[in-house]
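*Asks:* this is a predicted model, with the sequence first.
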Protein chains: 2
Amino acid sequence: MLRISDFAQLSRVSTKALRLYDRLDLLKPTHVDRQTGYRYYSAAQLPRLNRILVFKTLGFSLERIAQLLDADVSANQIRAMLQLKHAELLQHLERDRLRLLQVEMRLNELEREGTMSTYDVLTKSVAAQPVAATIGLIPTYEDCEPIFNRMFDTAFQYAFQQGIKQCGYGIAVYHETKLRDRDIPVEAAACIPELIPSSDLVFSYDLPAVETMAYTIHRGPFDTLGSAYSALLAWVEKHGYRSVGSTRELYLAYERNGDPAQYVTEVQIPVEPA
Amino acid sequence: MLRISDFAQLSRVSTKALRLYDRLDLLKPTHVDRQTGYRYYSAAQLPRLNRILVFKTLGFSLERIAQLLDADVSANQIRAMLQLKHAELLQHLERDRLRLLQVEMRLNELEREGTMSTYDVLTKSVAAQPVAATIGLIPTYEDCEPIFNRMFDTAFQYAFQQGIKQCGYGIAVYHETKLRDRDIPVEAAACIPELIPSSDLVFSYDLPAVETMAYTIHRGPFDTLGSAYSALLAWVEKHGYRSVGSTRELYLAYERNGDPAQYVTEVQIPVEPA
DNA sequence: CTTGACCTTTCCCTTGGGTCAAAGTGTTTA
DNA sequence: TAAACACTTTGACCCAAGGGAAAGGTCAAG
């Protein structure tokens, strides 16, 4: 009969851990004194404790270990739990591999540029979104704001006429076409809570859901949006994605004739693993 | 000005998390109503929140992220933190790779044998241990118990004569020699708290510390110790170690003329990565 | 004015123990 | 035999990053 500290020394497991394992029914002392509550262990319990430690190094939780050590558990169930753990570990490995790559990229950037990019790119999934949209052509990226304003006015006003009380943000959608820097076709869409009838000028439809949307947030005037696109496209390429849809601009903070420095725009590109 | 739930929807971060980030000074609302305590956010805070999310996906803790986002932190400090994270991730990868291998080995074993080995092998580091030891020859592994008993008697009795009150466990040390199955040289050592003078028959010295000791626990009579050795040696080979020292047997539960089924023996092999 | 949606703070819960603290035990020594 | 000291017990609080729920205050629409 060993006292808890002797057994702890023998097994190199702390007394605190042994008491926890007792409470969790993982490893009960062979004997507990009725009077004093003292726990007494036997060297014969070391195999069980060792098995616990092995499963712990495999990354199992104490709760799962309790299940694994249960005498009634079949080899099949054990295999299932091992396979589950196997899959889990593969996930962990993949996640950490990606993290490692990203940390390395950040480090490279820091070495090259001396500073980190102001654009942080993330991915998210985006649900389908009912919109009221107009289509137009932008002659050039400079001074396109008045044209956009007219297009959004058309869309939002039409939505109001159709009884929409609460409109959401404005979204610009650039459909995939041959690259060109003049006469770019663009869609100006107003987010609305539900579909409405379409008219000649304004189409109401569901902006499709996107499984993986890479996006970044641009703060400031629209004429510097180009650097956000650069950062976003560079990120997409470096992270092994490819663009698979229409890019979008979501105008999160915009006030007509307001201070352009306060504008906030989310730039989005649907992607999928290359 | 956005209410917390709007900002949460926009950023896809739960209100609970936003309140936590407020409390941790990671992301304070632009405005908090004095009367009601309502938090009001601005879309202009999305870049900062995005940067928080990026660092979170890299695996940084919120506390570290707070440091990284601190305006006063230099590029050098950021680089240092990234490098630290890099090293940490490498460790994680290595650990999970090993875990994966071990889970796979367990699965293989389960497929082949239909059950898991009764021997669980672990490694630990072992400190130097003062002992009083005698040396002898074992003619054969069968019926060696009386010889061992005499040797241990000699060692323990000598220790008592030298004033040792509390002796520890008995240890048998098999020094590396050419493999042979008869006339095996062996050392029977009594663990003692401190060195004592040596005599003709009993040597007192420090059993050397071992950085990495592979060990397993055997329960039962000594004549089945062979399977423990088999399991241990197989483990050592499969896990990419090689034996680098004298194997030891530590008698954790032994009673002369007791029930051999109750014996508990720890079998140890010093190893290092091959 | 009421209702329902939304906001606040506060408390408890999660893992695997570490770290005290108060109080009771066991052994040893004077 | 009693004090000293080492050991044990339970209990409470702590870590990270929130999730969940309760109790009560606020806001906007009908």
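*Replies:* Alright, I've got the coordinates. None of these values were measured; they are calculated from a predicted model.
*Asks:* so A:Ile147 versus B:Gly258, what's the distance?
*Replies:* Applying Cβ to Cβ, to the nearest Å, the value for A:Ile147 to B:Gly258 is 96 Å. C-beta here means a position set from N, CA and C on the backbone, and glycine is covered the same way.
*Asks:* below-threshold pLDDT in the stretch 51-200 of chain A: ranges please.
*Replies:* Applying pLDDT under 70 to the stretch 51-200 of chain A flags residues A:177-180.
*Asks:* can you list the residues of it near DNA strand C?
*Replies:* A:Lys56, A:Ser61, A:Leu62, A:Glu63 (Cβ under 7 Å from any atom of the strand).
*Asks:* could you dump those to a markdown table with secondary structure?
*Replies:* Converted to a markdown table, these look like this (DSSP: H, G, I helix; E, B strand; the rest coil):
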| residue | secondary structure |
| --- | --- |
| A:Lys56 | helix |
| A:Ser61 | coil |
| A:Leu62 | helix |
| A:Glu63 | helix |
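*Asks:* make a markdown table out of those residues and add distance to B:Ser14.
*Replies:* Below are those laid out as a markdown table (distance: Cβ to Cβ, whole Å):
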| residue | distance to B:Ser14 |
| --- | --- |
| A:Lys56 | 32 |
| A:Ser61 | 25 |
| A:Leu62 | 28 |
| A:Glu63 | 26 |
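*Asks:* looking at these, which is nearest A:Gly226?
*Replies:* The shortest approach to A:Gly226 among those belongs to A:Ser61, at 49.4 Å (Cβ to Cβ).
*Asks:* what are the phi and psi angles of the closest one?
*Replies:* Dihedral angles of A:Ser61 (phi, psi; degrees, to the nearest 10) stand at phi -80, psi 160.
*Asks:* what packs against the longest helix seen in chain A?
*Replies:* In chain A, assigned by DSSP state H, the helix with the most residues is helix A:75-113. Judged by 3 or more Cβ pairs under 8 Å, 6 or more residues apart in numbering or on different chains; DSSP states H and E, helix A:75-113 is in contact with helix A:62-69, helix B:75-113.
*Asks:* please identify the buried residues of it?
*Replies:* A:78-79, A:81-82, A:85-86, A:88-89, A:92-93, A:96, A:99-100, A:102-103, A:106-107, A:109-110 (16 or more other Cβ atoms under 10 Å in any protein chain shown).
*Asks:* try stretch A:28-47
*Replies:* Those buried within stretch A:28-47 under the rule 16+ other Cβ under 10 Å are A:Pro29, A:Arg39, A:Tyr41, A:Ser42, A:Ala43, A:Ala44, A:Gln45, A:Leu46, A:Pro47.
*Asks:* mind listing residues that contact it?
*Replies:* Residues from elsewhere that reach stretch A:28-47 (Cβ atoms under 8 Å, 6 or more residues apart in numbering or on different chains): A:1-4, A:6-7, A:10-11, A:18-19, A:22, A:27, B:118, B:120, B:217, B:219, B:252-253, B:262, B:264, B:266.
*Asks:* helices or strands up against the helix or strand harbouring A:Leu225?
*Replies:* Per DSSP states H and E: A:Leu225 is located in helix A:225-238. Secondary-structure packing of helix A:225-238 (3+ Cβ pairs under 8 Å, 6+ apart): strand A:210-219, strand A:241-243, strand A:264-273.
*Asks:* rounded mean pLDDT for that helix, please.
*Replies:* Mean pLDDT, computed over helix A:225-238, is 92.
*Asks:* alpha carbons only: can I get it in PDB?
*Replies:* The C-alpha trace of helix A:225-238 is given here as PDB (Å, rounded to 0.1, in the frame of the first residue of the first chain):
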ATOM      1  CA  LEU A 225      -9.100  50.900 -53.900                       C
ATOM      2  CA  GLY A 226      -6.500  49.600 -56.400                       C
ATOM      3  CA  SER A 227      -4.100  48.700 -53.600                       C
ATOM      4  CA  ALA A 228      -6.800  46.700 -51.800                       C
ATOM      5  CA  TYR A 229      -7.300  44.800 -55.000                       C
ATOM      6  CA  SER A 230      -3.600  44.300 -55.400                       C
ATOM      7  CA  ALA A 231      -3.300  42.900 -51.900                       C
ATOM      8  CA  LEU A 232      -6.300  40.700 -52.300                       C
ATOM      9  CA  LEU A 233      -5.200  39.300 -55.600                       C
ATOM     10  CA  ALA A 234      -1.700  38.700 -54.300                       C
ATOM     11  CA  TRP A 235      -3.100  36.900 -51.300                       C
ATOM     12  CA  VAL A 236      -5.400  34.700 -53.400                       C
ATOM     13  CA  GLU A 237      -2.400  33.600 -55.500                       C
ATOM     14  CA  LYS A 238       0.000  33.100 -52.700                       C
END
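*Asks:* buried set for it?
*Replies:* For helix A:225-238, burial by neighbour count (16+ other Cβ under 10 Å) applies to A:Leu225, A:Ala228, A:Tyr229, A:Ala231, A:Leu232, A:Leu233, A:Trp235, A:Val236.
*Asks:* where's it relative to the chain centroid, distance-wise?
*Replies:* Mean-position distance between helix A:225-238 and its chain equals 19 Å (Cα atoms, centre = their mean, to the nearest Å).
*Asks:* same deal with stretch A:105-114?
*Replies:* Relative to its chain's centre, stretch A:105-114 lies at 23 Å (Cα atoms, centre = their mean).
*Asks:* residues in contact with it?
*Replies:* A:Met116, A:Ser117, A:Lys238, B:Leu58, B:Ala75, B:Ile78, B:Arg79, B:Leu82, B:Gln83, B:His86.
*Asks:* now the first one, what's its secondary structure?
*Replies:* Going back to what we said before, that points to A:Met116. A:Met116 ends up coil, using three-state DSSP.
*Asks:* I'd like to know how far it sits from A:Thr216.
*Replies:* Distance from A:Met116 to A:Thr216, by Cβ to Cβ: 13 Å.
*Asks:* more crowded one of these two?
*Replies:* The neighbour count for A:Met116 versus A:Thr216, taken as other Cβ atoms under 10 Å in any protein chain shown, is higher for A:Thr216 (23 against 17).
*Asks:* what bridges to that one?
*Replies:* Residues in a beta bridge with A:Thr216, per DSSP bridges, are A:Val267.
*Asks:* list the contacts for it?
*Replies:* With contacts defined as Cβ under 8 Å, 6+ apart, the neighbours of A:Thr216 are A:Tyr119, A:Asp120, A:Val121, A:Leu122, A:Ala228, A:Ala231, A:Leu232, A:Trp235, A:Glu266, A:Val267, B:Asn50.
*Asks:* looking at the contacts of stretch A:105-114, which one is closest to B:Leu137?
*Replies:* Ranked by distance to B:Leu137 (Cβ to Cβ), those are led by B:His86 at 55.5 Å.
*Asks:* so what's the closest one closest to, chain neighbours aside?
*Replies:* Spatial nearest neighbour of B:His86, chain neighbours left out: A:Val103 (5.0 Å); criterion: Cβ to Cβ, 6 or more residues apart in numbering or on different chains.
*Asks:* my read: the one you found touches B:Leu58, true?
*Replies:* Yes. A:Val103 is within contact range of B:Leu58, at 5.8 Å (criterion: Cβ atoms under 8 Å).
*Asks:* shared neighbours, these two?
*Replies:* Common neighbours of A:Val103 and B:Leu58, using Cβ under 8 Å, 6+ apart, are B:Lys85.
*Asks:* circling back: drop anything exposed from the contacts of stretch A:28-47.
*Replies:* A:2, A:4, A:7, A:10-11, A:18, A:22, A:27, B:120, B:217, B:219, B:252-253, B:264, B:266.
*Asks:* so which of those also contact DNA strand D?
*Replies:* Filtering the buried ones among the contacts of stretch A:28-47 for proximity to DNA strand D (criterion: Cβ under 7 Å from any atom of the strand) leaves A:Ile4.
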